[in-house]
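*Asks:* The sequence and its predicted three-dimensional model are supplied below.
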Amino acid sequence: MNHPLMPGPHPVSTDTLFDVAPLSVHARARHVQTLLDAKTKPLGALGQLEALAVQMACVLDTDVPQLIEPQLVVFAADHGLARQGVSAYPSEVTAQMVDNMLRGGAAVSVLGRLNGLALTVADCGVARDFVAQPGLHNAKVKGCEHGTADSSLGPAMQVEQCAQAMHQGAALVDHLPGNVLLLGEMGIGNTSAASLLMQRLTGLPLAQCVGRGTGLDDAGLARKLATLERVLARHAQALEPLDTLAAFGGLEIATMTGAVLRAARQRRIIVVDGFITTAAVAVAAALAPAVLSRCIFAHSSAESGHARWLAQLGVRPVLDLGLRLGEGSGAALVWPMLKAACALLNDMASFASAGVSERT
(Lines give C-alpha, C1' and ligand atoms only; values in the text may rest on other atoms or scores of the structure.)
Protein backbone atom coordinates (compact mmCIF):
# COMPACT_ATOMS: atom_id res chain seq x y z
CA MET A 1 0.00 0.00 0.00
CA ASN A 2 1.10 3.63 -0.46
CA HIS A 3 1.87 5.36 2.82
CA PRO A 4 1.56 9.17 3.00
CA LEU A 5 5.32 9.60 3.20
CA MET A 6 6.17 7.01 0.58
CA PRO A 7 6.17 7.67 -3.17
CA GLY A 8 2.64 7.39 -4.46
CA PRO A 9 -0.44 9.36 -5.43
CA HIS A 10 -1.06 10.81 -1.99
CA PRO A 11 -1.45 14.57 -1.47
CA VAL A 12 1.30 14.68 1.16
CA SER A 13 3.60 12.22 -0.57
CA THR A 14 7.34 12.87 -0.62
CA ASP A 15 10.16 10.80 -1.99
CA THR A 16 12.94 12.38 0.07
CA LEU A 17 12.15 12.01 3.78
CA PHE A 18 13.09 8.32 3.83
CA ASP A 19 16.08 8.89 1.54
CA VAL A 20 18.92 8.57 4.04
CA ALA A 21 22.03 7.27 2.31
CA PRO A 22 24.43 4.89 4.06
CA LEU A 23 27.69 6.49 5.14
CA SER A 24 30.66 5.29 3.09
CA VAL A 25 33.10 5.76 5.93
CA HIS A 26 35.45 2.79 6.12
CA ALA A 27 38.49 4.71 4.84
CA ARG A 28 37.63 7.73 7.02
CA ALA A 29 37.17 5.56 10.11
CA ARG A 30 40.49 3.78 9.58
CA HIS A 31 42.33 7.06 9.06
CA VAL A 32 40.81 8.74 12.14
CA GLN A 33 41.59 5.69 14.27
CA THR A 34 45.18 5.86 13.00
CA LEU A 35 45.33 9.49 14.08
CA LEU A 36 44.03 8.53 17.54
CA ASP A 37 46.49 5.66 17.81
CA ALA A 38 49.34 8.11 17.20
CA LYS A 39 48.33 10.33 20.16
CA THR A 40 50.43 10.39 23.32
CA LYS A 41 48.63 7.54 25.06
CA PRO A 42 48.55 3.75 25.06
CA LEU A 43 46.48 2.23 22.25
CA GLY A 44 42.78 2.40 23.05
CA ALA A 45 43.37 4.13 26.36
CA LEU A 46 40.55 6.65 25.83
CA GLY A 47 38.04 3.84 25.51
CA GLN A 48 34.59 4.81 24.23
CA LEU A 49 35.71 8.40 23.67
CA GLU A 50 37.77 7.14 20.76
CA ALA A 51 34.78 5.38 19.23
CA LEU A 52 32.72 8.55 19.62
CA ALA A 53 35.42 10.64 17.96
CA VAL A 54 35.57 8.24 15.02
CA GLN A 55 31.78 8.17 14.66
CA MET A 56 31.43 11.96 14.75
CA ALA A 57 34.25 12.38 12.24
CA CYS A 58 32.51 9.94 9.91
CA VAL A 59 29.08 11.57 10.23
CA LEU A 60 30.53 15.04 9.62
CA ASP A 61 32.90 13.71 6.92
CA THR A 62 36.04 15.32 8.29
CA ASP A 63 39.19 14.37 10.19
CA VAL A 64 38.74 17.45 12.38
CA PRO A 65 35.11 17.34 13.62
CA GLN A 66 33.68 20.57 15.02
CA LEU A 67 30.37 20.57 16.91
CA ILE A 68 28.52 23.69 15.80
CA GLU A 69 25.46 25.34 17.42
CA PRO A 70 23.97 22.24 19.09
CA GLN A 71 20.16 22.23 19.17
CA LEU A 72 18.26 20.51 21.99
CA VAL A 73 14.61 20.04 21.04
CA VAL A 74 11.94 18.81 23.46
CA PHE A 75 8.97 17.39 21.53
CA ALA A 76 5.80 17.63 23.64
CA ALA A 77 2.28 16.23 23.21
CA ASP A 78 -0.61 14.66 25.10
CA HIS A 79 -2.01 11.15 24.76
CA GLY A 80 -5.66 10.10 24.83
CA LEU A 81 -4.59 6.77 26.29
CA ALA A 82 -3.61 8.57 29.51
CA ARG A 83 -7.34 8.62 30.35
CA GLN A 84 -7.04 4.88 30.99
CA GLY A 85 -4.84 5.47 34.03
CA VAL A 86 -1.52 4.35 32.53
CA SER A 87 0.46 7.14 34.23
CA ALA A 88 1.02 8.19 37.82
CA TYR A 89 0.47 11.83 36.80
CA PRO A 90 -2.54 13.61 35.24
CA SER A 91 -2.37 14.85 31.65
CA GLU A 92 -2.34 18.48 32.82
CA VAL A 93 1.31 17.97 33.77
CA THR A 94 2.38 17.99 30.11
CA ALA A 95 1.35 21.63 29.61
CA GLN A 96 2.57 22.60 33.06
CA MET A 97 6.00 21.14 32.34
CA VAL A 98 6.16 22.93 28.99
CA ASP A 99 5.61 26.17 30.94
CA ASN A 100 8.32 25.12 33.38
CA MET A 101 10.78 24.43 30.56
CA LEU A 102 10.08 27.76 28.90
CA ARG A 103 10.59 29.55 32.22
CA GLY A 104 13.91 27.77 32.65
CA GLY A 105 12.97 25.70 35.71
CA ALA A 106 12.98 22.14 34.35
CA ALA A 107 15.96 19.81 34.63
CA VAL A 108 16.53 19.98 30.89
CA SER A 109 16.46 23.80 31.06
CA VAL A 110 19.13 23.82 33.76
CA LEU A 111 21.32 21.28 31.94
CA GLY A 112 20.86 23.09 28.65
CA ARG A 113 22.03 26.39 30.15
CA LEU A 114 24.93 24.68 31.89
CA ASN A 115 26.17 23.19 28.63
CA GLY A 116 25.41 26.06 26.25
CA LEU A 117 22.69 24.19 24.38
CA ALA A 118 19.98 26.10 22.51
CA LEU A 119 16.64 24.77 23.80
CA THR A 120 13.46 24.62 21.72
CA VAL A 121 10.17 23.18 22.96
CA ALA A 122 8.01 21.91 20.09
CA ASP A 123 4.28 21.82 20.84
CA CYS A 124 3.31 18.80 18.76
CA GLY A 125 -0.10 18.34 20.36
CA VAL A 126 -0.23 19.54 23.95
CA ALA A 127 -3.79 19.86 25.25
CA ARG A 128 -3.50 23.64 25.57
CA ASP A 129 -2.88 26.54 23.22
CA PHE A 130 0.22 28.50 24.20
CA VAL A 131 0.97 32.15 23.61
CA ALA A 132 3.76 32.59 21.07
CA GLN A 133 7.04 33.13 22.91
CA PRO A 134 10.79 32.64 22.50
CA GLY A 135 11.84 29.02 22.64
CA LEU A 136 8.41 27.64 21.69
CA HIS A 137 7.74 26.13 18.25
CA ASN A 138 4.17 25.42 17.14
CA ALA A 139 4.11 21.98 15.48
CA LYS A 140 0.46 21.12 16.04
CA VAL A 141 -1.31 18.96 13.43
CA LYS A 142 -4.77 19.83 12.15
CA GLY A 143 -7.42 17.64 13.71
CA CYS A 144 -5.38 16.60 16.72
CA GLU A 145 -4.12 19.93 18.01
CA HIS A 146 -4.68 18.86 21.62
CA GLY A 147 -3.25 15.35 21.48
CA THR A 148 -3.96 11.91 20.14
CA ALA A 149 -7.14 9.90 20.51
CA ASP A 150 -7.39 7.04 23.00
CA SER A 151 -5.62 4.14 21.27
CA SER A 152 -7.56 1.63 23.36
CA LEU A 153 -10.70 2.71 21.46
CA GLY A 154 -9.26 3.29 18.00
CA PRO A 155 -6.09 4.55 16.29
CA ALA A 156 -4.24 7.28 18.16
CA MET A 157 -4.23 9.29 14.93
CA GLN A 158 -4.99 8.85 11.28
CA VAL A 159 -2.09 7.87 9.02
CA GLU A 160 -2.43 11.25 7.27
CA GLN A 161 -2.06 13.05 10.61
CA CYS A 162 0.97 10.93 11.43
CA ALA A 163 2.46 11.93 8.10
CA GLN A 164 1.79 15.60 8.76
CA ALA A 165 3.47 15.33 12.17
CA MET A 166 6.55 13.82 10.54
CA HIS A 167 6.64 16.65 8.02
CA GLN A 168 6.41 19.13 10.91
CA GLY A 169 9.49 17.54 12.46
CA ALA A 170 11.42 17.69 9.20
CA ALA A 171 10.47 21.34 8.68
CA LEU A 172 11.58 22.21 12.21
CA VAL A 173 15.04 20.75 11.58
CA ASP A 174 15.29 22.71 8.33
CA HIS A 175 14.99 25.94 10.34
CA LEU A 176 17.53 24.99 13.03
CA PRO A 177 21.20 25.93 12.66
CA GLY A 178 24.14 23.76 13.59
CA ASN A 179 25.20 20.19 12.98
CA VAL A 180 23.99 18.46 16.16
CA LEU A 181 20.40 17.61 17.16
CA LEU A 182 19.79 16.49 20.75
CA LEU A 183 16.43 14.82 21.35
CA GLY A 184 14.08 15.32 24.29
CA GLU A 185 10.39 14.74 24.92
CA MET A 186 7.52 15.51 27.27
CA GLY A 187 4.11 13.86 27.33
CA ILE A 188 2.14 12.15 30.07
CA GLY A 189 1.41 8.63 28.83
CA ASN A 190 4.23 8.48 26.32
CA THR A 191 6.02 5.53 27.90
CA SER A 192 2.89 3.53 27.03
CA ALA A 193 3.09 4.57 23.38
CA ALA A 194 6.82 3.79 23.33
CA SER A 195 6.25 0.37 24.95
CA LEU A 196 3.66 -0.50 22.30
CA LEU A 197 6.00 0.58 19.53
CA MET A 198 8.82 -1.45 21.07
CA GLN A 199 6.72 -4.59 21.20
CA ARG A 200 5.51 -4.27 17.62
CA LEU A 201 8.95 -3.38 16.22
CA THR A 202 10.94 -5.99 18.15
CA GLY A 203 8.46 -8.82 18.70
CA LEU A 204 9.47 -9.12 22.35
CA PRO A 205 6.77 -10.02 24.90
CA LEU A 206 4.90 -6.92 25.99
CA ALA A 207 5.81 -7.50 29.64
CA GLN A 208 9.48 -6.99 28.68
CA CYS A 209 8.64 -3.66 27.07
CA VAL A 210 6.47 -2.08 29.79
CA GLY A 211 7.85 -0.27 32.83
CA ARG A 212 6.69 1.99 35.63
CA GLY A 213 7.05 5.22 33.63
CA THR A 214 6.66 8.16 35.99
CA GLY A 215 6.57 5.88 39.02
CA LEU A 216 3.56 3.56 38.98
CA ASP A 217 3.11 1.23 41.95
CA ASP A 218 2.53 -2.50 41.44
CA ALA A 219 -1.21 -2.09 40.96
CA GLY A 220 -0.69 0.74 38.50
CA LEU A 221 1.86 -1.28 36.56
CA ALA A 222 -0.55 -4.22 36.32
CA ARG A 223 -3.31 -1.89 35.09
CA LYS A 224 -0.97 -0.38 32.53
CA LEU A 225 0.09 -3.78 31.22
CA ALA A 226 -3.50 -4.99 30.93
CA THR A 227 -4.49 -1.81 29.10
CA LEU A 228 -1.62 -2.10 26.64
CA GLU A 229 -2.49 -5.75 25.98
CA ARG A 230 -5.94 -4.57 24.86
CA VAL A 231 -4.43 -1.87 22.67
CA LEU A 232 -2.13 -4.37 20.98
CA ALA A 233 -5.03 -6.72 20.29
CA ARG A 234 -7.17 -3.93 18.86
CA HIS A 235 -4.44 -2.92 16.42
CA ALA A 236 -3.20 -6.39 15.51
CA GLN A 237 -3.23 -5.50 11.80
CA ALA A 238 -0.97 -2.44 12.22
CA LEU A 239 2.29 -4.09 11.28
CA GLU A 240 4.12 -1.62 9.03
CA PRO A 241 6.16 1.09 10.80
CA LEU A 242 3.90 4.00 9.80
CA ASP A 243 0.70 2.11 10.51
CA THR A 244 2.10 1.15 13.90
CA LEU A 245 3.12 4.73 14.68
CA ALA A 246 -0.32 6.03 13.74
CA ALA A 247 -2.11 3.34 15.74
CA PHE A 248 -0.16 3.81 18.96
CA GLY A 249 1.04 7.44 18.79
CA GLY A 250 2.10 9.81 19.96
CA LEU A 251 2.33 13.06 18.11
CA GLU A 252 5.63 13.97 19.78
CA ILE A 253 7.10 10.62 18.71
CA ALA A 254 5.87 11.05 15.13
CA THR A 255 7.19 14.61 14.92
CA MET A 256 10.50 13.49 16.37
CA THR A 257 10.67 10.64 13.84
CA GLY A 258 10.42 13.16 11.00
CA ALA A 259 13.06 15.34 12.65
CA VAL A 260 15.42 12.37 13.00
CA LEU A 261 14.99 11.40 9.35
CA ARG A 262 15.68 14.94 8.16
CA ALA A 263 18.65 15.41 10.52
CA ALA A 264 20.12 12.10 9.36
CA ARG A 265 19.71 13.11 5.71
CA GLN A 266 21.56 16.35 6.48
CA ARG A 267 24.37 14.39 8.20
CA ARG A 268 23.80 15.98 11.58
CA ILE A 269 24.89 14.13 14.68
CA ILE A 270 21.78 12.94 16.52
CA VAL A 271 22.03 12.53 20.29
CA VAL A 272 19.33 10.17 21.57
CA ASP A 273 18.09 10.52 25.14
CA GLY A 274 16.03 7.74 26.73
CA PHE A 275 13.18 5.33 26.15
CA ILE A 276 10.75 7.56 24.26
CA THR A 277 13.37 9.16 22.02
CA THR A 278 14.65 5.66 21.26
CA ALA A 279 11.12 4.84 20.07
CA ALA A 280 11.26 7.66 17.51
CA VAL A 281 14.72 6.63 16.34
CA ALA A 282 13.65 2.98 16.07
CA VAL A 283 10.70 3.92 13.84
CA ALA A 284 12.99 6.12 11.74
CA ALA A 285 15.52 3.29 11.47
CA ALA A 286 12.78 0.87 10.41
CA LEU A 287 12.04 3.26 7.54
CA ALA A 288 15.67 4.18 6.78
CA PRO A 289 18.24 1.88 8.44
CA ALA A 290 21.14 4.28 7.74
CA VAL A 291 19.70 6.58 10.42
CA LEU A 292 21.45 4.61 13.18
CA SER A 293 24.93 5.49 11.91
CA ARG A 294 24.21 9.13 12.75
CA CYS A 295 22.93 8.42 16.28
CA ILE A 296 24.76 8.56 19.60
CA PHE A 297 22.72 6.96 22.38
CA ALA A 298 23.34 9.05 25.49
CA HIS A 299 22.38 6.58 28.19
CA SER A 300 20.55 3.45 29.21
CA SER A 301 17.59 4.58 31.29
CA ALA A 302 16.07 2.89 34.31
CA GLU A 303 12.80 2.42 32.40
CA SER A 304 12.22 -1.29 32.01
CA GLY A 305 12.79 -2.32 28.42
CA HIS A 306 15.22 0.40 27.39
CA ALA A 307 18.38 -1.67 27.77
CA ARG A 308 16.69 -4.51 25.85
CA TRP A 309 15.73 -2.16 23.05
CA LEU A 310 19.24 -0.76 22.77
CA ALA A 311 20.55 -4.32 22.55
CA GLN A 312 17.99 -5.11 19.84
CA LEU A 313 19.20 -2.08 17.88
CA GLY A 314 22.81 -3.18 18.35
CA VAL A 315 23.93 0.10 19.90
CA ARG A 316 25.98 0.98 22.99
CA PRO A 317 24.91 3.81 25.29
CA VAL A 318 27.51 6.18 26.68
CA LEU A 319 26.16 6.52 30.24
CA ASP A 320 24.22 4.41 32.72
CA LEU A 321 23.20 6.67 35.61
CA GLY A 322 19.83 5.17 36.50
CA LEU A 323 18.03 8.13 34.90
CA ARG A 324 14.31 7.93 34.15
CA LEU A 325 13.39 11.59 33.76
CA GLY A 326 13.29 12.03 30.00
CA GLU A 327 13.07 15.64 28.73
CA GLY A 328 16.46 15.25 27.02
CA SER A 329 18.28 15.23 30.36
CA GLY A 330 20.58 12.35 29.41
CA ALA A 331 21.37 13.91 26.04
CA ALA A 332 22.38 17.15 27.76
CA LEU A 333 24.51 15.29 30.31
CA VAL A 334 26.51 13.44 27.64
CA TRP A 335 27.22 16.62 25.68
CA PRO A 336 30.51 17.49 27.47
CA MET A 337 31.82 14.01 26.61
CA LEU A 338 31.11 14.56 22.92
CA LYS A 339 32.98 17.87 23.04
CA ALA A 340 35.84 16.13 24.86
CA ALA A 341 36.05 13.37 22.25
CA CYS A 342 36.35 15.93 19.43
CA ALA A 343 38.89 18.03 21.35
CA LEU A 344 41.10 15.02 22.05
CA LEU A 345 41.10 14.03 18.38
CA ASN A 346 41.76 17.58 17.19
CA ASP A 347 44.13 18.98 19.81
CA MET A 348 46.00 16.17 21.56
CA ALA A 349 49.65 15.88 20.57
CA SER A 350 51.02 12.89 18.72
CA PHE A 351 54.14 11.00 19.81
CA ALA A 352 56.02 12.57 16.91
CA SER A 353 54.90 16.17 17.52
CA ALA A 354 55.51 15.95 21.27
CA GLY A 355 58.84 14.15 21.02
CA VAL A 356 57.57 11.31 23.20
CA SER A 357 58.98 7.82 22.68
CA GLU A 358 56.47 5.33 21.34
CA ARG A 359 55.79 1.84 22.64
CA THR A 360 58.48 -0.64 21.71
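*Replies:* Thanks, I have the structure now.

*Asks:* Can you spell out the domain ranges of the protein, please?
*Replies:* Described in terms of automatic domain parsing, the domain architecture of the chain consists of the residue ranges 26-66+344-354, 71-337.

*Asks:* For the longest one, give the mean pLDDT please.
*Replies:* By that I understand domain 71-337. Across domain 71-337, the average pLDDT comes to 97.

*Asks:* Now the terminal residues of that domain, how far apart.
*Replies:* Across its full length, domain 71-337 reaches 16 Å end to end, with Cα to Cα, to the nearest Å as the criterion.

*Asks:* going forward, begin numbering at 27 instead of 1
*Replies:* From this message on, residue numbering opens at 27, which makes the last subject domain 97-363.

*Asks:* From the contact counts, what lies against the longest helix along the chain?
*Replies:* Selection of the longest helix in the chain by residue count, based on DSSP state H, yields helix 355-373. The criterion is 3 or more Cβ pairs under 8 Å, 6 or more residues apart in numbering; DSSP states H and E, and the helices and strands that helix 355-373 contacts are helix 52-63, helix 74-86, helix 133-140, strand 206-212, strand 295-298. Where C-beta positions appear, they are placed from N, C-alpha and C, glycine not excepted.

*Asks:* The last one pairs with which strands, parallel or anti?
*Replies:* Strand pairing for strand 295-298, using DSSP bridges, gives strand 206-212 (parallel), strand 321-323 (parallel).

*Asks:* ok, back up a step: so which of the domains of the chain is the most packed in?
*Replies:* Using mean count of other Cβ atoms under 10 Å, the stretch among the domains of the chain with the greatest mean number of neighbours is domain 97-363 (a mean of 22).

*Asks:* mind listing what residue 384 touches?
*Replies:* Under the criterion of Cβ atoms under 8 Å, 6 or more residues apart in numbering, the contact list for residue 384 reads residue 377.

*Asks:* got a pLDDT number for it?
*Replies:* Among the per-residue scores, residue 384 holds a pLDDT of 88.

*Asks:* residue ranges for the helices of this protein, please.
*Replies:* Using DSSP H, the helices of the chain run over residues 52-63, 74-86, 118-129, 133-140, 185-200, 216-228, 244-260, 267-274, 277-291, 301-313, 332-339, 355-373, 377-380.

*Asks:* So residue 156 sits against residue 120, correct?
*Replies:* No: counting by Cβ atoms under 8 Å, residue 156 does not reach residue 120; the two are 11.5 Å apart.

*Asks:* before we move on, the earlier item: so which of the strands paired with strand 295-298 comes closest to residue 274?
*Replies:* Checking these against residue 274 by Cβ to Cβ gives strand 206-212 as the closest, at 14.8 Å.

*Asks:* For the residue nearest to residue 372 when sequence neighbours are not counted, give me its contacts.
*Replies:* By the measure of Cβ to Cβ, 6 or more residues apart in numbering, the closest residue to residue 372 outside its immediate chain neighbours is residue 90, 5.2 Å from it. Each residue near residue 90 by Cβ under 8 Å, 6+ apart is listed here: 83, 371-372.

*Asks:* what's the closest of those residues to residue 215?
*Replies:* Nearest to residue 215 among the contacts of residue 90, counting by Cβ to Cβ, is residue 83 at 39.1 Å.

*Asks:* What pLDDT does the model give that closest one?
*Replies:* 98.

*Asks:* Show the contacting residues for it.
*Replies:* For residue 83, the residues meeting the contact criterion (Cβ under 8 Å, 6+ apart) are 54-55, 58, 89-91, 371.

*Asks:* ok, which pair from those residues is furthest apart?
*Replies:* Comparing the members of those, the greatest separation, given Cβ to Cβ, is between 55 and 90, at 14.8 Å.

*Asks:* How far off centre is stretch 208-226?
*Replies:* Taking Cα atoms, centre = their mean, to the nearest Å, one finds the center of stretch 208-226 at 10 Å from the center of the full chain.

*Asks:* sorry, back to before: make CSV out of the contacts of residue 83 and add distance to residue 348 and pLDDT.
*Replies:* CSV is the format used below for those (distance: Cβ to Cβ, whole Å; pLDDT from 0 to 100):
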residue, distance to residue 348, pLDDT
54, 35, 96
55, 32, 97
58, 32, 98
89, 36, 97
90, 35, 98
91, 30, 98
371, 30, 98
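
*Asks:* can you put these in CSV and add distance to residue 137?
*Replies:* Formatted as CSV, the entries for those read as follows, by distance: Cβ to Cβ, whole Å:
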residue, distance to residue 137
54, 31
55, 30
58, 29
89, 30
90, 27
91, 22
371, 24
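
*Asks:* From these, pick the one nearest residue 356.
*Replies:* Of the contacts of residue 83, the one sitting nearest to residue 356 (Cβ to Cβ) turns out to be residue 91, at 21.3 Å.

*Asks:* contacting residues for the closest one?
*Replies:* By Cβ under 8 Å, 6+ apart, residue 91 lies in contact with 79, 82-83, 368, 371-372.

*Asks:* Pull up the gap between the nearest residue to residue 93 once chain neighbours are set aside and residue 298, please.
*Replies:* Once flanking residues are discounted, residue 93 sits nearest to residue 206: 5.4 Å by Cβ to Cβ, 6+ apart. In this structure, residue 206 and residue 298 are 12 Å apart, going by Cβ to Cβ, to the nearest Å.

*Asks:* And residue 284, by the same measure?
*Replies:* Counting by Cβ to Cβ, the gap from residue 284 to residue 298 is 15 Å.

*Asks:* so who does the residue nearest the centre of the chain touch?
*Replies:* Compute the mean C-alpha point of the chain, and by Cα atoms, centre = their mean the closest residue is residue 303, 3.0 Å away. Remark: with contacts taken as Cβ under 8 Å, 6+ apart, residue 303 is in contact with 209-211, 282, 352, 354, 357.
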